[in-house]
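K.L.:
Here is the input, now give the coordinates:
(2 chains)
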Amino acid sequence: MIQAPYLNRREVVTALLADRGDLLVVAGLGATAWDVASVEDHPLDFPLWGAMGGAAMVGLGLAFAQPARKVLVITGDGEMLMGMGSLATIAAQRPRNLRVVVMDNECYAETGRQRTPTACGADIAAIALACGFPHARTAWKSDEIEPLRVDIHRFDDLFLAVIKVALTDDPKTLPPRDGAYLKNRMRAALLGPQAVFE
Amino acid sequence: MVSYVPDAGHVDLIKLCEADERMRAVSLTTEEEGVAFAAGAYLGGKRAALLMQSSGVGNCINMLSLIKTCQLPLLTLVTMRGEFGEFNPWQIPMGQATPALLSAIGLIVYRVDAPHEVRDVLEAAVSLAFGSYCGVAVLLSQRLIGAKRFVEGP
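P.N.:
Residues are numbered from 1 along each chain as shown, chains lettered A, B, ... in the order given. Okay, here's the model as predicted:
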């Protein structure tokens, strides 16, 4: 499909996180972490400030530890490409409560907008399917977002969705950057206040 | 939970983990995945260990900043290559650099050379990692596990 992505990433993430309930969210470093923080600073979010390539695997560990919860990994194309092998690792495990959403603006926006391979044909949804993901798709249009939001909560299987988004200058809405705080906050919100004494 | 990139020195341990219904064993494509996996498991209230060979340590270095920065527990069991009796010269650089690299990125490093030390060191490493929220690497030396042999020598 030859067209320029036009979806606005902030609008997409805001829509995806509406009525989130007890959804657990891991956000990959850079723009997606800022997107998630722009919606709200939520205790069940774990925004990464580093660990590039690791977002999906943090999600896998969380999904196995919390099988009754839905876990959403939301990350960028550059971050996902760095952890491409993890798509094979995750597909082999097929956790039914894990969802991976890739906000694909086809560039490394944080570092000067250098093109990523997705600008030149790399298709992350196709890669996921080839790795054994049972379901993967690419969304280009605004009317594809609400069905995706519903799937995040209701679909009973592993899936990946790429969302093609425009390159935009968004305000840097930063989440807390103290990793120990983010860890303890999520554990307390998820496991109860006693978790910080364990 | 246990994640691993397999090594000959971990064969029996991996089989035991896979056979234990209380455990989940996850095969990785690269070792750094296991660092992130352990982080996620702990966020969700579970414990995970990472099994790898010393040649995989270099793959993990940046991901290990997650452990240090977030004060997350990590237990990794590293079977050593590139040292005592090594036959493959390609293993030497990473094997020799392993203890220094792990220390440099903030893990506490123990080394086991004798079978009777394994249990004590592992118990201490588990207490340390999960009690004090830090990364601990236990290096299982080539002297302990035996140097890999490619040909039958004298």
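K.L.:
Strands along the chain, start to end?
P.N.:
Chain wasn't specified; assuming chain A. All strands of chain A, identified by DSSP state E, fall at A:24-27, A:45-47, A:71-76, A:98-104, A:107-108, A:114-115, A:136-139, A:159-164.
K.L.:
not quite, I wanted chain B
P.N.:
Here chain B has its strands, by DSSP E, at B:2-4, B:25-27, B:49-53, B:74-79, B:108-112, B:135-140.
K.L.:
Turn those into TSV, including distance to residue B:101 and mean neighbour count.
P.N.:
Placement of C-beta: from N, CA and C, glycine included. TSV is the format used below for these (distance: least, CB to CB, whole Å; neighbours: other CB atoms under 10 Å in any protein chain shown):
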stretch	distance to residue B:101	mean neighbour count
strand B:2-4	19	25
strand B:25-27	24	19
strand B:49-53	13	26
strand B:74-79	11	26
strand B:108-112	10	18
strand B:135-140	10	25
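K.L.:
Of the ones you listed, which is nearest residue B:39?
P.N.:
Taking CB to CB as the criterion, strand B:74-79 is the member of those that comes nearest to residue B:39, at 7.7 Å.
K.L.:
Just checking, which helix or strand of chain B averages the lowest pLDDT?
P.N.:
Lowest by mean pLDDT, DSSP states H and E among the helices and strands of chain B is helix B:142-145, with a mean of 93.
K.L.:
So which bits of that helix are buried?
P.N.:
Neighbour-count burial for helix B:142-145, counted by 16 or more other CB atoms under 10 Å in any protein chain shown, picks out B:142, B:144, B:145.
K.L.:
mind checking how far the second one is from residue A:198?
P.N.:
So the one you mean is residue B:144. Counting by CB to CB, to the nearest Å, the gap between residue B:144 and residue A:198 amounts to 32 Å.
K.L.:
Next, the contact list for the residue nearest to the spatial centre of chain A, please.
P.N.:
With distances taken as CA atoms, centre = their mean, the residue of chain A nearest its centroid is residue A:74 (0.8 Å). When contacts are counted by CB atoms under 8 Å, 6 or more residues apart in numbering or on different chains, residue A:74 touches A:13, A:16, A:25, A:26, A:27, A:28, A:32, A:35, A:36, A:55, A:101, A:103.
K.L.:
Tell me what angle the longest helix belonging to chain B forms with strand B:135-140.
P.N.:
Across chain B, the helix with the greatest residue count (assigned by DSSP state H) is helix B:118-132. Using axes from the mean of the first three to the mean of the last three CA atoms, to 10 degrees, the direction of helix B:118-132 lies 170 degrees away from that of strand B:135-140.
K.L.:
List the buried residues for helix B:118-132?
P.N.:
Going through helix B:118-132 with 16+ other CB under 10 Å, the ones that come out buried are B:121, B:122, B:125, B:126, B:128, B:129, B:130.
K.L.:
Save the contacts of residue A:74 as JSON lines, and put in pLDDT, distance to chain B and neighbour count too.
P.N.:
Formatted as JSON lines, the entries for the contacts of residue A:74 read as follows, by pLDDT from 0 to 100; distance: CB to the nearest CB, whole Å; neighbours: other CB atoms under 10 Å in any protein chain shown:
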{"residue": "A:13", "pLDDT": "98", "distance to chain B": "20", "neighbour count": "26"}
{"residue": "A:16", "pLDDT": "98", "distance to chain B": "20", "neighbour count": "25"}
{"residue": "A:25", "pLDDT": "98", "distance to chain B": "11", "neighbour count": "25"}
{"residue": "A:26", "pLDDT": "98", "distance to chain B": "7", "neighbour count": "33"}
{"residue": "A:27", "pLDDT": "98", "distance to chain B": "13", "neighbour count": "28"}
{"residue": "A:28", "pLDDT": "98", "distance to chain B": "11", "neighbour count": "32"}
{"residue": "A:32", "pLDDT": "97", "distance to chain B": "16", "neighbour count": "28"}
{"residue": "A:35", "pLDDT": "98", "distance to chain B": "20", "neighbour count": "25"}
{"residue": "A:36", "pLDDT": "98", "distance to chain B": "15", "neighbour count": "26"}
{"residue": "A:55", "pLDDT": "98", "distance to chain B": "8", "neighbour count": "30"}
{"residue": "A:101", "pLDDT": "98", "distance to chain B": "16", "neighbour count": "24"}
{"residue": "A:103", "pLDDT": "98", "distance to chain B": "19", "neighbour count": "28"}
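K.L.:
near chain A, which residues of chain B show up?
P.N.:
Taking CB under 8 Å from any CB of the partner chain as the criterion, the neighbours of chain A within chain B are B:1, B:24, B:26-30, B:32-46, B:48, B:62-63, B:65-66, B:69-72, B:133.
K.L.:
Put the buried members of these into a ChimeraX selection.
P.N.:
Below is the selection syntax for ChimeraX that covers the buried ones among those, with 16+ other CB under 10 Å defining burial:
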select /B:1,24,26,27,28,29,30,32,33,34,35,36,37,38,39,40,41,42,43,44,46,48,62,63,65,66,69,70,71,72,133
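K.L.:
just checking, which of the residues of chain B next to chain A belong to helices?
P.N.:
Within these, residues falling in helices by DSSP H are B:32-43, B:65-66, B:69-70.
K.L.:
Looking at those residues, spot the one nearest residue A:89.
P.N.:
If you rank those by distance to residue A:89 using CB to CB, residue B:33 comes first, at 5.7 Å.
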